[in-house]
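Participant: the following block contains a protein sequence and its predicted model.
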Amino acid sequence: GCFGPENPLRIFCSRLVAHPVFDQVVIVLILLNSIFMAIESPDHEKDGPIRAMLQTANVIFWFVFLVELLLKWISMGVYITPGAYFDDGWNRLDGFIVTVSLLDFIMSSVGVKGGMLSMLKICRMFRALRPLRAINKLPNLKRVVDTLVMALEPIGTTMIIIFAFFFIFGILGTQLFMGQFYYCDLS
């Protein structure tokens, strides 16, 4: 709604987002972000160099992903236009992850402490979803995940039937053995 189809900024962003190197750079950044998140550990010193490097990298990745989100919003539109950013479910997931990262950045910068505000720090857990952003960039992986999601319903029905059999055999075993295995004989 803010940028018309003839707007030079929108045309520039559309060309940039459509370029094949753009997605490749984003995938590399997602992989690097995943590596940095794997390095994080509570064992690192609170004021140590590794912790400072990881926090700086987290801010850099957050900023880069926010710029990517804004470029896509400008080029595709957010809600109203046909083919808008939030029309695709995978883009909604990307937007959610970037928004949660923004909340995490704001809370870390402000130094939220005490009361109910400290409960909001749970948003940091959602940073683990960042590698899922790669699904949207790789069409074959996206197809596999979509197939797995569609297969959940038949698999769920099968799991209910299997659970029923295990439950029946559990009750039968309890009735047959009636506590005969309550001790351990190691001899």
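Facilitator: Good, I have the coordinates. Numbering: from 1, shown residues only.
Participant: alpha carbons of the helix-or-strand element of the chain with minimal mean pLDDT, in CSV - could you do that?
Facilitator: Among the helical and strand segments of the chain, the one scoring lowest on mean pLDDT, DSSP states H and E is helix 133-137, with a mean of 72. Only the C-alpha atoms of helix 133-137 are listed here, as CSV (Å, rounded to 0.1, in the frame of the first residue of the first chain):
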residue,chain,number,x,y,z
ARG,A,133,13.6,-20.5,7.6
ALA,A,134,15.8,-22.5,5.2
ILE,A,135,12.7,-24.6,4.3
ASN,A,136,11.2,-21.7,2.5
LYS,A,137,14.3,-21.1,0.5
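Participant: which residues are contacting that helix?
Facilitator: 23, 26-27, 30-31, 65, 88, 90-91, 93-94, 97, 141-142, 145 (Cβ atoms under 8 Å, 6 or more residues apart in numbering). To be clear about C-beta, it is placed using only N, CA and C from the backbone, and glycine gets the same treatment.
Participant: among those, name the ones in strands.
Facilitator: Nothing among the contacts of helix 133-137 maps onto strands, per DSSP state E.
Participant: closest one of those to Ile160?
Facilitator: Ile160 has its nearest neighbour among the contacts of helix 133-137 in Val145, at 23.2 Å by Cβ to Cβ.
Participant: could you report the neighbour count for the closest one?
Facilitator: Applying other Cβ atoms under 10 Å, we find 15 residues neighbouring Val145.
Participant: tell me how far the residue lying closest to it once chain neighbours are set aside lies from Leu32.
Facilitator: Spatial nearest neighbour of Val145, chain neighbours left out: Ile135 (5.5 Å); criterion: Cβ to Cβ, 6 or more residues apart in numbering. Going from Ile135 to Leu32 by Cβ to Cβ, to the nearest Å gives 17 Å.
Participant: likewise for Lys137?
Facilitator: For Lys137, the distance to Leu32 - Cβ to Cβ - is 14 Å.
Participant: got it, and Phe169?
Facilitator: Phe169 is 49 Å from Leu32, by Cβ to Cβ.
Participant: what does Met178 give?
Facilitator: 59 Å.
Participant: the more surrounded of these two?
Facilitator: The neighbour comparison of Met178 against Leu32 (other Cβ under 10 Å) goes to Leu32, with 14 against 9.
Participant: skipping adjacent residues, who's closest to that one in space?
Facilitator: Nearest non-adjacent residue to Leu32 (Cβ to Cβ, 6+ apart): Phe61, at 7.5 Å.
Participant: tell me which helix or strand that neighbour sits in.
Facilitator: Under the criterion of DSSP states H and E, Phe61 resides in helix 49-76.
Participant: mean confidence score for that helix?
Facilitator: Mean pLDDT, helix 49-76: 85.
Participant: mind listing what's buried in that helix?
Facilitator: 54, 57-58, 61-62, 65, 68-69, 71-76 (16 or more other Cβ atoms under 10 Å).
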